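Enquirer: fold the stuff below for me.
(one chain, ligands or ions: 1)
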Amino acid sequence: MMTKDYSRLKINPQRFQSNFKALSQIGATTAGGVNRPAFSEAHLFARAWFREQILRSGLEFYMDGAANHSGVFRSSKANALTLLLGSHLDSVPHGGRFDGALGVLAALEVLQTVQESHIDLPYNLEAIDFTDEEGLLHGDFGSSALTGSLKTEELSSINGGTERLSFCLSLFGKSPEDLLSARRDPTALAGYLELHIEQGSRLKNSGIPIGIVTAIVGVGSYRIKFIGRADHAGTTSMQERRDAAQGAAAFIQAVRQLVIRDYPDSVANVVWLKTYPEALNIVPAEVELGLEFRSPDSPKLRELERALLALAKSAAQQSGLGLEMISMSLHEPIQTSEQMQELIRTTAHQMGFSTLDLISGAWHDAQMLAPICPTGMIFIPSENGSHSPLENADWNDCVRGANVLLQAALQASLT
Ligand SMILES: [Zn+2]
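Expert: Reported below is the predicted structural model:
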């Protein structure tokens, strides 16, 4: 269907940048980032802005039952498959300007470029902004609904419960009953491509402009409670105490040592550290903490899980404490499609950009899409970490990434 050679076609960098600047103003913080948690006023504004850009460009606007927002450029071919391009416009509280927003704007830019070049592709192109990627209600909320992995029975365990879910969806004129309708038929999807900042330092440190995500790590989490005995903090000798904080402290130290020593490609994080009772003059009877761990392959994720739980047991035993461990979640690592990896690699090389294969330590909507359609992810270098207002990326890298996304989308449609 593509008769002309479009291999030199580029996005419009001025429009891309002015859109980025306009979007960065929505929910802008004095620290230089954005505060756009899902369903906040700023998030609603950002989505309204996105919708306006879609309509103004003459693209079709579409919102599904999970309030995912899309711009669609239709193929003239009947029953054409849809190639999804996207990311998310929500941010973590007091987050950065690039995480998610870059991918949505690049997707929009690709559609606008293809549309104004009058290219008739055999695929529909859809630029999608997934609802609540950062997980205010549920991690990867919108993409889970779209792929059908968000099950009705999970809705009752959503953060804040069903009332909050109803309220959040009502902001977009939707209800929990609409959620199931967001599910797409996988056979109608040609694939999914997402451009994202790396949120790590490997590309920046190696001076390579394009990262190809080969896998996204698996993640597990537990709620762990060390149980001791409340006692008078003045009259109980140090030897007599069954101090829950001692078990928690020993555990936290041991987690770090274990992961560094035995699992160099994995990570673990301990949070909360809630002591009960919370009083200076009472020996803590209980310490509750959250444990999260991530690993790039399934057997290692399980092995790490067992090793971490064993550490908690021995830390509790050493301090004479009881222990409660409740699994909160376990998500398997996913591999992106080799076909999409190759497509991104070839495209980037044709444009003269070197590439680096990477495993993503962060979750993305791509993780939800990978099991149901060919999925690829393009990373560009970023600096100053992520999920913080300091998060940054060189604008030339953003443009390179968007051009690789454009060419990958065009070439995916040809193969
Ligand atoms: Zn993101």
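
Enquirer: measure whatever residue of the stretch 251-400 of the chain ends up closest to the ion to D140 for me?
Expert: Using CB to the ion, H364 is the residue of the stretch 251-400 of the chain that sits closest to the ion, at 5.8 Å. For glycine as for every other residue, the C-beta is placed from the backbone atoms N, C-alpha and C. Computed as CB to CB, to the nearest Å, the H364 to D140 distance reads 8 Å.

Enquirer: which residues do the two both contact?
Expert: Residues within reach of H364 and of D140 at once, by CB atoms under 8 Å, 6 or more residues apart in numbering, are E133.

Enquirer: phi, psi of the residue of the chain most remote from its centre?
Expert: Relative to the C-alpha centroid of the chain, counting by CA atoms, centre = their mean, T235 is the outermost residue, at 49.8 Å. Per-residue torsions, T235: phi -100, psi -10 (degrees, to the nearest 10).

Enquirer: what about the strands in the stretch 251-400 of the chain?
Expert: Assigned by DSSP state E, counting those that start in this stretch, the strands in the stretch 251-400 of the chain fall at 267-276, 282-283, 286-295, 322-331, 334-335, 355-360, 375-380.

Enquirer: tell me the buried residues in stretch 81-95?
Expert: 81-92, 94-95 (16 or more other CB atoms under 10 Å).

Enquirer: pick the one among the residues you listed closest to L405.
Expert: Set against L405, the nearest of the buried residues of stretch 81-95 by CB to CB is L85 (6.5 Å).

Enquirer: contacting residues around the strand or helix carrying F16?
Expert: If you go by DSSP states H and E, F16 is part of helix 13-25. Identification of contacts with helix 13-25 by CB under 8 Å, 6+ apart yields 34, 46, 49-50, 53, 89, 97, 101-102, 105-106, 108-109, 112, 395, 398-399, 402.

Enquirer: export only the CA atoms of it, formatted as CSV.
Expert: C-alpha atoms of helix 13-25 as CSV (Å, rounded to 0.1, in the frame of the first residue of the first chain):
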residue,chain,number,x,y,z
PRO,A,13,10.5,18.8,16.1
GLN,A,14,9.1,22.3,16.7
ARG,A,15,5.5,21.1,17.2
PHE,A,16,6.7,18.2,19.3
GLN,A,17,8.7,20.6,21.6
SER,A,18,5.9,23.2,21.8
ASN,A,19,3.5,20.4,22.8
PHE,A,20,5.9,19.1,25.4
LYS,A,21,6.3,22.6,26.8
ALA,A,22,2.5,23.2,26.9
LEU,A,23,1.9,19.8,28.6
SER,A,24,4.7,20.4,31.1
GLN,A,25,2.8,23.5,32.3
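
Enquirer: following element in sequence after it, please.
Expert: Next along the chain after helix 13-25, taking DSSP H and E as the criterion, comes helix 41-56.

Enquirer: list the buried residues for the next helix or strand after that next one?
Expert: Scanning forward in sequence from helix 41-56 by DSSP H and E, the next helix or strand is strand 60-63. If you call a residue buried by 16+ other CB under 10 Å, then strand 60-63 has these buried ones: M63.

Enquirer: give me the contact list for the very next helix or strand once past strand 60-63.
Expert: Moving toward the C-terminus from strand 60-63, the next helix or strand (DSSP H and E) is strand 69-73. Residues from elsewhere that reach strand 69-73 (CB under 8 Å, 6+ apart): 47, 50-51, 53-54, 57, 59-64, 82, 86, 89, 107-108, 111, 114-115, 124-129, 131.

Enquirer: got the CA positions of strand 69-73 in PDB?
Expert: Provided in PDB are the C-alpha atoms of strand 69-73 (Å, rounded to 0.1, in the frame of the first residue of the first chain):
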ATOM      1  CA  HIS A  69      -7.800   8.300  25.800                       C
ATOM      2  CA  SER A  70      -6.800   7.800  22.200                       C
ATOM      3  CA  GLY A  71      -6.300   9.600  18.900                       C
ATOM      4  CA  VAL A  72      -6.800   7.400  15.900                       C
ATOM      5  CA  PHE A  73      -5.600   7.700  12.300                       C
END
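
Enquirer: list the residues that contact the closest residue to S337 other than its chain neighbours.
Expert: For S337, ignoring the flanking residues on the chain, the nearest one in space by CB to CB, 6 or more residues apart in numbering is P374 at 3.9 Å. The neighbours of P374, taking CB under 8 Å, 6+ apart as the test, are A190, G191, Y192, S337, Q339, M340.

Enquirer: neighbours of the nearest residue to L321 once chain neighbours are set aside, how many?
Expert: What sits nearest to L321 in space, not counting adjacent residues and going by CB to CB, 6+ apart, is G247, at 4.4 Å. When neighbours are defined as other CB atoms under 10 Å, G247 has 29 of them.

Enquirer: next: L155.
Expert: For L155, using other CB under 10 Å, the count is 16.

Enquirer: so it sits in a helix?
Expert: Yes - judged by DSSP: H, G, I helix; E, B strand; the rest coil, L155 forms part of a helix.

Enquirer: isn't it right next to L165, touching?
Expert: Yes - in this structure, L155 is within contact of L165 by CB atoms under 8 Å, at 6.3 Å.

Enquirer: what residues are shared contacts of these two?
Expert: What both L155 and L165 touch, as defined by CB under 8 Å, 6+ apart, is the set P176.

Enquirer: now do the most centrally placed residue in the chain, the pLDDT please.
Expert: Among the residues of the chain, the one closest to the centroid is H364, at 2.9 Å (CA atoms, centre = their mean). Looking at H364, its pLDDT is 94.

Enquirer: check contacts around it.
Expert: S87, E133, D140, E194, H196, I216, M377.

Enquirer: ok, 7 Å please
Expert: E194, H196, I216, M377 (CB atoms under 7 Å, 6 or more residues apart in numbering).

Enquirer: again, but for L203
Expert: Applying CB under 7 Å, 6+ apart, we find L203 in contact with G211, L356, F379, I380, P381.

Enquirer: and those, which two are furthest apart?
Expert: Distance extremes for those: the farthest pair is L356 and I380 at 11.1 Å, using CB to CB.

Enquirer: between the two, point out the one with more neighbours.
Expert: I380 (27 against 16).

Enquirer: excluding chain neighbours, what is closest to the more buried one?
Expert: G401 (4.0 Å).

Enquirer: let me see the backbone angles for T214.
Expert: According to degrees, to the nearest 10, T214 has phi -100, psi -30.

Enquirer: give me the neighbour count for the closest residue to it other than its chain neighbours.
Expert: The shortest distance from T214 to any non-neighbouring residue, by CB to CB, 6+ apart, is to D357 (5.0 Å). Residues contacting D357 under the criterion other CB under 10 Å number 11.
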